[in-house]
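Asker: output the structure for:
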Amino acid sequence: MMISLTYVSFATQPFSARELLDLLTVARENNSKLAVTGLLLYRDRSFMQVLEGRSPTVHMLFRRIARDPRHNEVKSILQESIQERVFPDWSMGFQDLKSADARGAPGFNEFLDTPLTSEAFADDAGRVRQLLGLFKRRL
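Answerer: From the prediction side, this is the model:
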């Protein structure tokens with residue numbers, strides 16, 4: 001069974017562009033080996049990440065990510081069984097939501113002031129899917 005798991009977390013300190021690139025490089029390598037796909041969003045020390053793959057693999061990876069000392073307040077906000085991957089070609093798509101590219105995306109305005117926190121998305125799975133879909137089309 002395949003699942004999609006989306007979580008949010010808060011970095012213990014701001015990530016520089018170089019640190020984000022390093023994180024992304026390692027994530028892509030690891031995810032490729034594990035047959036995990038997904039998307040990583042970053043804004044103001046907050047992360048939102050989608051992990052897609054076989055259920056045991058995604059849960060193992062999520063537990064490992066949750067123990068990473070570079071962030072805290074790790075919280076799963078959406079988990080669902082999937083028949084096919086939303087991000088099938090991405091070992092890890094990435095977007096820094098502060099970038100000019102992200103800000104120019106059609107429909108981005110409504111999310112511009114939304115923090116990537118569990119409170120902002122907890123009660124509305126449709127809103128999570130809408131944000132992720134916006135960046136799927138842009139990447």
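Asker: lowest-pLDDT helix or strand in this structure?
Answerer: helix 100-103 (a mean of 46; mean pLDDT, DSSP states H and E).
Asker: who is the nearest residue to Arg45 once chain neighbours are set aside paired with across the strands?
Answerer: Closest residue to Arg45 apart from its sequence neighbours, by CB to CB, 6 or more residues apart in numbering: Ala11 at 4.2 Å. (Glycine included, C-beta is placed from N, CA and C.) Note on Ala11: beta-bridge partners by DSSP bridges are His71.
Asker: which ones are touching Ala11?
Answerer: With contacts defined as CB atoms under 8 Å, 6 or more residues apart in numbering, Ala11 is in contact with 45-47, 70-71.
Asker: from those, pick the one nearest Asp89.
Answerer: Taking CB to CB as the measure, Asp89 sits nearest to Phe47 out of the contacts of Ala11, at 21.3 Å.
Asker: quick one, what contacts the residue lying closest to the closest one once chain neighbours are set aside?
Answerer: Sequence neighbours aside, Ser9 is the residue nearest to Phe47 in space, at 4.9 Å (criterion: CB to CB, 6+ apart). By CB under 8 Å, 6+ apart, the contact list for Ser9 reads 46-47, 49, 65-66, 71-75.
Asker: how about a cut-off of 10 Å?
Answerer: 45-49, 65-66, 68, 70-75, 116-118 (CB atoms under 10 Å, 6 or more residues apart in numbering).
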